[in-house]
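*Asks:* What shape does this take:
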Amino acid sequence: MLMRMLRLQTTALCLALLALVTAGCGSLFDDSSSAGAASTQSPTWYKDVAPIVTRRCTGCHTSGGIAPFPLNSYESAQPFAGLMVERVKSGEMPPWHAVETADCKPRFPWKDDLRLSDAEKSVLERWAAAGAPAGDAGKPAALPSPPSLDLADRNMRVAMTSPYLVQGARDVFRCFSLPHEFTEDSWLTGLQVIPGNSKVVHHVLVWLDKDKRGDALARAEGSYECFGAPGFPSALLGAWAPGAMPMQTPADTALRVPKGSKIVINVHYHPTGGAAMDASSLDLRWTTKRPTYEALLALPGNAQNARSGLLPGPADPPTGPAFMIPAGVPDHTEGMDITVPPELIIPAKIFAVGTHMHYVGTDMRIEIDRAQRLGGAPPGEPMRECLLETPRWDFHWQRGYSFDASFDKLPTVMAGDVLRLRCQYDNTMQNRFVAQALKEQGLSAPREVRLGEQTLDEMCLGAFGIAFPARP
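*Replies:* Below you'll find the predicted structure:
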């Protein structure tokens, strides 16, 4: 019922988030290190740089990982010193796209923020400029220990029914119906994906299958082709990317899983050009005790017309607003205002937020306007605030962002509030993602793009991790 009230678009999702309550590729620790202190001498690998790289990069850039090269030794990192500085300065690495802009300054910081501090950036720049010296290998700085990626107190680990052969050079999106069936109503509090082959598993989406429809689609092969969504109306439970911490709901908060449900995972494979086998699995933690708060990953957006919240745009037909991105336009915008209906009287807490588009997207901003909230102005909250902007949108590095604030101070959403989504697109060959997608489809020029689930379609979706008093 609540999902309907929030106008979820669960039939048209390819939300490679992900992981609304997880950390993305990398490991985070306290910033207090040798990187924080200015030095008149050139930084060296063993004393200054290795702790930063271990902290920020080796979640992906490790031997056998999905990154194209490892960075966990001086010998492997030294040739890439200049490239590391370039990618960090441009914001491409580490893959973190929640950026403060002139139009969007969120009230709260983010949990597990992957970005390097100014002091860390300075260390990398001075090290590269000095020729990337090794320093004294006999007196290395202590390296931070990576956090455990294991899900504590798991109930079970459920694996794919059979291994899947990944081959060729094109990305593959495949859905697998996992064999476990929940025998009673349950409350999910955590999950973690265990990649069977970290060289090819790029990211994973986890979907609830209440009616076991994934079994029919998978048939004897055990899996079926899909692009993000499982191919039927569903609810997102979580997402994973290399180096991700386990997805865990806030304290005394859980996701509802009805009796008889199964789980479908959508795996994005990034092949290496050869043949590779994968047999990924999923760790699950749940309880049968009802929590105080029910969690939900709500996905409002994808408005198709004015009635559903689509705002007038530059390419609309005479009949009114329509979601359409013209070919050859580098700066097209679609906007949507989604009003929370009066049924949602009790404020819900927003503990995480994310953006979602496809390959044409370049920038997305999510705001909330509480000016029309029933009952008047919310105490302690602004009437309008920006929750998130991702001005360097990259489909291949999607994730969710969790607010670093106590539960009572988290932003709220309730009846009368307006969720304002603004999506920017570049539908030209100058957009390298568009060029690559067209090439894979055998096309040489951009085409008109509309809403849809396929590679050359588009979306404009907000992703909200919300918590509200648990229903009976």
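*Asks:* Show me the domain layout of this structure.
*Replies:* Residue ranges for the domains of the chain, per automatic domain parsing: 34-129, 149-289, 300-469.
*Asks:* What mean pLDDT does the second one get?
*Replies:* The one in question is domain 149-289. For domain 149-289, mean pLDDT rounds to 91.
*Asks:* ok so, going back, mind putting the domains of the chain into a markdown table with distance to residue 138?
*Replies:* Where you see a C-beta, it was placed from the backbone N, CA and C, and this is true even at glycine. Below are these laid out as a markdown table (distance: least, C-beta to C-beta, whole Å):
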| stretch | distance to residue 138 |
| --- | --- |
| domain 34-129 | 8 |
| domain 149-289 | 30 |
| domain 300-469 | 38 |
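*Asks:* need the strands for the stretch 51-200 of the chain, in chain order.
*Replies:* Using DSSP state E, counting those that start in this stretch, the strands of the stretch 51-200 of the chain run over 156-159, 164-166, 172-177, 186-194.
*Asks:* All the strands of the stretch 201-350 of the chain, residue numbers only.
*Replies:* 201-209, 223-225, 235-240, 247-248, 253-257, 262-269, 276-278, 281-287, 293-298, 324-325, 332-339, 348-356.
*Asks:* Can you tell me which of those strands is most buried?
*Replies:* strand 235-240 (a mean of 27; mean count of other C-beta atoms under 10 Å).
*Asks:* Each with direction, which strands does that strand pair with?
*Replies:* strand 201-209 (antiparallel) (DSSP bridges).
*Asks:* Report the angle between the strand it pairs with and strand 186-194.
*Replies:* 160 degrees (axes from the mean of the first three to the mean of the last three C-alpha atoms, to 10 degrees).
*Asks:* Out of the strands of the stretch 201-350 of the chain, which is closest to residue 371?
*Replies:* Of all the strands of the stretch 201-350 of the chain, the one in closest proximity to residue 371, counting by C-beta to C-beta, is strand 332-339 (11.3 Å).
*Asks:* What lies in contact with that closest one?
*Replies:* 7, 300-301, 303, 308-311, 313-315, 323, 325-326, 369, 372, 416-427, 460, 462 (C-beta atoms under 8 Å, 6 or more residues apart in numbering).
*Asks:* All the helices of the stretch 301-450 of the chain, residue numbers only.
*Replies:* For the stretch 301-450 of the chain, the helices defined by DSSP state H, counting those that start in this stretch occupy 432-440.
*Asks:* shaky segments in it?
*Replies:* Along the stretch 301-450 of the chain, segments meeting pLDDT under 70 span 377.
*Asks:* 80 - rerun?
*Replies:* Counting by pLDDT under 80, the ranges of the stretch 301-450 of the chain that qualify are 342-345, 374-379, 396-398.
*Asks:* buried stuff in stretch 170-182?
*Replies:* 171-178, 182 (16 or more other C-beta atoms under 10 Å).
*Asks:* Any chance of CSV for these, columns distance to residue 361?
*Replies:* CSV is the format used below for the buried residues of stretch 170-182 (distance: C-beta to C-beta, whole Å):
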residue, distance to residue 361
171, 17
172, 21
173, 17
174, 23
175, 23
176, 27
177, 30
178, 30
182, 35
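*Asks:* Name the member of these with the shortest distance to residue 363.
*Replies:* residue 171 (23.0 Å).
*Asks:* Might you report the residue contacts of residue 260?
*Replies:* 181-183, 210, 212.
*Asks:* Relative to residue 314, how far out is residue 467?
*Replies:* With the distance defined as C-beta to C-beta, to the nearest Å, residue 467 ends up 38 Å from residue 314.
*Asks:* Over to residue 344?
*Replies:* On the measure of C-beta to C-beta, residue 344 and residue 314 end up 33 Å apart.
*Asks:* So these two - more neighbours on which side?
*Replies:* Taking other C-beta atoms under 10 Å, residue 344 and residue 314 do not tie; residue 344 has more neighbours (19 against 11).
*Asks:* Tell me the buried residues in stretch 241-251?
*Replies:* 241-250.
*Asks:* Max pairwise distance over those residues: which two?
*Replies:* Farthest pair in those, by C-beta to C-beta: 242 and 250, 24.4 Å.
*Asks:* Quick one: the buried residues of stretch 241-251 as TSV, columns for distance to residue 139 too.
*Replies:* Output for those, formatted as TSV (distance: C-beta to C-beta, whole Å):
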residue	distance to residue 139
241	35
242	32
243	29
244	34
245	32
246	36
247	40
248	38
249	44
250	43
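*Asks:* nearest to residue 226, of those?
*Replies:* residue 241 (17.9 Å).
*Asks:* Identify the residues contacting residue 222.
*Replies:* Contacts of residue 222 (C-beta under 8 Å, 6+ apart): 160-162, 164, 176-177.
*Asks:* Give the closest residue to residue 290 in space, chain neighbours not counted.
*Replies:* Distances taken as C-beta to C-beta, 6 or more residues apart in numbering place residue 470 nearest to residue 290, at 5.4 Å, with adjacent residues excluded.
*Asks:* What is the burial count for the one you found?
*Replies:* 16.
*Asks:* From residue 349, how far out is it?
*Replies:* From residue 470 to residue 349 the distance is 13 Å (C-beta to C-beta).
*Asks:* just residue 291 next, same as before
*Replies:* Counting by C-beta to C-beta - residue 291 and residue 349 are separated by 13 Å.
*Asks:* what do you get for residue 432?
*Replies:* On the measure of C-beta to C-beta, residue 432 and residue 349 end up 38 Å apart.
*Asks:* now swap in residue 433 and tell me
*Replies:* Distance from residue 433 to residue 349, by C-beta to C-beta: 34 Å.
*Asks:* Then residue 231?
*Replies:* 31 Å.
*Asks:* circling back: can I get the strands of the stretch 201-350 of the chain in JSON lines including distance to residue 98?
*Replies:* Output for the strands of the stretch 201-350 of the chain, formatted as JSON lines (distance: least, C-beta to C-beta, whole Å):
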{"stretch": "strand 201-209", "distance to residue 98": "17"}
{"stretch": "strand 223-225", "distance to residue 98": "31"}
{"stretch": "strand 235-240", "distance to residue 98": "15"}
{"stretch": "strand 247-248", "distance to residue 98": "17"}
{"stretch": "strand 253-257", "distance to residue 98": "22"}
{"stretch": "strand 262-269", "distance to residue 98": "21"}
{"stretch": "strand 276-278", "distance to residue 98": "30"}
{"stretch": "strand 281-287", "distance to residue 98": "26"}
{"stretch": "strand 293-298", "distance to residue 98": "17"}
{"stretch": "strand 324-325", "distance to residue 98": "24"}
{"stretch": "strand 332-339", "distance to residue 98": "20"}
{"stretch": "strand 348-356", "distance to residue 98": "9"}
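*Asks:* Please name whichever of the ones you listed is nearest to residue 445.
*Replies:* strand 324-325 (14.2 Å).
*Asks:* What is the closest one packed up against?
*Replies:* strand 449-450 (3 or more C-beta pairs under 8 Å, 6 or more residues apart in numbering; DSSP states H and E).
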